[in-house]
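Chemist: sequence-free structure coming up:
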Ligand code: HEC
Ligand code: HEC
Ligand code: HEC
Ligand code: HEC
Ligand code: HEC
């Protein structure tokens with residue numbers, strides 16, 4: 001009786017093992033890439049009218065890039081990538097687009113730089129699911145079309161005027177307009193109300209909390225969803241006194257979110273550059289620096305300082321206020337700066353900006369307001385400070401200037 005069970009178990013597990021082995025042999029003999037390649041050569045023979053092309057032996061081609069610490073095997077499936085005859089084929093048989101930029105393909109020979117340096121993805125994998133991702137234990141799935149532009153900075157330090165990278169320039173303009181630098185640092189420049197942004201993309205998936213994120217567990221999706229709604233993705237722990245994200249919800253549209261995400265991807269930390277070096281000969285020559293703009297007045301210069309250091313992020317466009325700061329006294333909003341001429345002398349204003357301030361709470365038993373006034377002492381030069389103060393003083397609304405001069409003011 002007992003013996004019968006063992007016998008049967010033996011037979012069943014034998015079949016199981018056999019089936020598994022069969023599957024492995026089948027996968028080895030007919031791997032996914034072989035099917036794709038065979039179809040490619042069939043299409044090539046049709047496209048060229050040369051039947052012998054259909055009999056091309058199938059093989060794994062790889063681009064070995066020891067200098068980049070990479071090996072890319074995208075070619076076994078994307079065989080037609082540099083064959084202009086395959087320009088009208090469906091993917092993955094199609095020739096690589098030139099982005100409408102003459103010279104783009106010639107400037108980036110795939111045999112020397114591979115594919116993943118621009119596209120990400122798992123270079124060594126020969127199964128589409130693994131090569132494209134996202135899969136566990138591979139942190140760099142294929143970038144979406146909208147984000148690829150973020151990887152141009154791996155080699156092009158300066159993308160101003162670089163054809164094919166206009167979206168990155170647009171993204172930087174949006175970053176400046178919103179004043180992200182008022183709360184974030186880039187290579188240490190800016191303020192540490194939020195994290196240093198050159199490190200974000202290099203972080204591992206485990207360093208992000210995905211509990212409130214909609215969609216897949218990838219760094220890019222976290223960043224995208226966080227732009228959609230920072231307070232939903234980072235609600236804090238109110239019971240433990242940890243407030244929700246202090247980052248404003250900019251109500252960005254989808255294109256703006258993609259732009260800013262590509263921009264975050266384009267920032268590189270020094271650590272990343274040592275782990276994934278780019279040999280000097282593949283680095284595009286740096287462009288001439290853009291000259292400092294000249295200003296016709298101190299006020300104009302001060303306005304540029306206000307924008308460059310991200311005061312706008314907390315004090316609003318032209319200092320007009322309206323940025324929410326939960327549980328801060330006075331309307332729970334960061335104060336506007338258009339009235340400072342009434343309450344401050346120039347010297348007092350400088351002191352406030354130099355030293356910063358923590359706001360008082362509206363409800364003393366509630367959480368601290370997430371935003372405070374950082375200290376700019378070490379960040380601004382004296383010349384910048386002078387210009388900034390001239391600008392802030394000039395914001396005083398015209399009609400108030402007149403009332404301020406009436407003798408019975410405040411009586
Ligand atoms: C095993 C075959 C295979 C491998 C290996 C492979 N791909 Fe693909 N790829 C495909 C197929 C098939 C498509 C067509 C669209 C689809 O089925 O997703 C495709 C589509 C694409 C697209 C277009 C995306 C889209 O949605 O239209 C890109 C970009 C791409 N692959 C890049 C890569 C890169 C980079 C690598 C190497 C890291 C790679 N692929 C490796 C099979 C492969
Ligand atoms: C210098 C950067 C760069 C390199 C290197 C590069 N690509 Fe691309 N690739 C791009 C850009 C940019 C696009 C265009 C995205 C778009 O349509 O806006 C693109 C588009 C594609 C597409 C078409 C996507 C579509 O749906 O039209 C495929 C497929 C693709 N690349 C595969 C590859 C493969 C395979 C390699 C390596 C042999 C490679 N690329 C190397 C930058 C690069
Ligand atoms: C592996 C490094 C590398 C990556 C990644 C890379 N490039 Fe390049 N690129 C170069 C080099 C090297 C040259 C040629 C030398 C030069 O012009 O300084 C070049 C030249 C160019 C040129 C033509 C010359 C010029 O400056 O106008 C364009 C356009 C260009 N790249 C666009 C892009 C875009 C867009 C991306 C991102 C999708 C990109 N590159 C990604 C290395 C790279
Ligand atoms: C008022 C301050 C403030 C402003 C302005 C601000 N952020 Fe943030 N940001 C934060 C704080 C605080 C965090 C950390 C909490 C969180 O993840 O929400 C954060 C987190 C982030 C993260 C996640 C980084 C990581 O490594 O975890 C990114 C990306 C980001 N911000 C990008 C931006 C961009 C781009 C802008 C401009 C459009 C911007 N932020 C404006 C305060 C700000
Ligand atoms: C991270 C958000 C944040 C940034 C960035 C920021 N501030 Fe502030 N600022 C505040 C908060 C919050 C207060 C209110 C502090 C309080 O109530 O004591 C404040 C107060 C001030 C005040 C005092 C206003 C008053 O009516 O009492 C001045 C002046 C000021 N900020 C100027 C600036 C300037 C100039 C910059 C850029 C260099 C700047 N702030 C950047 C958050 C910020």
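Modeler: Looks like it came in fine. Bear in mind the structure is a predicted one, so any value in this text is a computation, not a measurement. Ligands and ions are numbered 1, 2, ... in the order given.
Chemist: get me the contact residues on the stretch 101-250 of the chain for ligand 4.
Modeler: 175, 178-180, 182-184, 193-195, 197, 200, 203, 223, 226, 230, 234, 245-248, 250 (C-beta under 6 Å from any ligand atom). (Glycine included, C-beta is placed from N, CA and C.)
Chemist: among the residues you listed, which lie within strands?
Modeler: Among those, no member falls in strands (DSSP state E).
Chemist: which non-adjacent residue is nearest residue 323?
Modeler: Among residues not flanking residue 323 along the chain, residue 334 sits closest, at 4.5 Å (C-beta to C-beta, 6 or more residues apart in numbering).
Chemist: the one you found - how many residues pack around it?
Modeler: Using other C-beta atoms under 10 Å, residue 334 is surrounded by 22 other residues.
Chemist: residue 347 now?
Modeler: Per other C-beta under 10 Å, the neighbour tally for residue 347 reads 9.
Chemist: same check on residue 52?
Modeler: Neighbour tally, residue 52, other C-beta under 10 Å: 9.
Chemist: residue contacts, it?
Modeler: Neighbour list for residue 52: residue 45 [criterion: C-beta atoms under 8 Å, 6 or more residues apart in numbering].
Chemist: tell me which helix or strand the spatially closest residue to residue 344 that is not a sequence neighbour sits in.
Modeler: Spatial nearest neighbour of residue 344, chain neighbours left out: residue 352 (7.0 Å); criterion: C-beta to C-beta, 6+ apart. For residue 352, the host element (DSSP states H and E) is helix 346-355.
Chemist: which SSE is immediately downstream of that helix?
Modeler: helix 382-394.
Chemist: would you mark the buried spots in that next one?
Modeler: Using 16 or more other C-beta atoms under 10 Å as the test for burial, helix 382-394 gives 384, 385, 386, 387, 388, 389, 390, 391, 392, 393.
Chemist: does the residue nearest to residue 323 really touch residue 315, like I thought?
Modeler: Yes: if you go by C-beta atoms under 8 Å, residue 334 and residue 315 touch, sitting 6.0 Å apart.
Chemist: what sits in contact with each of these two?
Modeler: Contact with both residue 334 and residue 315 is made by residues 321, 323, according to C-beta under 8 Å, 6+ apart.
Chemist: can you give me the helices in the stretch 151-300 of the chain?
Modeler: Remark: helices assigned in the stretch 151-300 of the chain by DSSP state H, counting those that start in this stretch are 166-178, 219-228, 230-233, 254-266, 270-275, 298-308.
Chemist: typed the wrong thing, it's the stretch 1-150 of the chain
Modeler: 2-29, 32-48, 104-107, 110-113, 116-119, 128-132.
Chemist: can you tell me which of those helices is most buried?
Modeler: helix 116-119 (a mean of 20; mean count of other C-beta atoms under 10 Å).
Chemist: can you name the residues in contact with it?
Modeler: Where contact means C-beta under 8 Å, 6+ apart, the residues beyond helix 116-119 that reach it are 68, 70, 72, 74, 108, 122-123, 140, 142-143, 148, 151-152, 154-155, 278.
Chemist: can you give me the neighbour number for residue 357?
Modeler: Counted by other C-beta under 10 Å, the residues lying close to residue 357 total 11.
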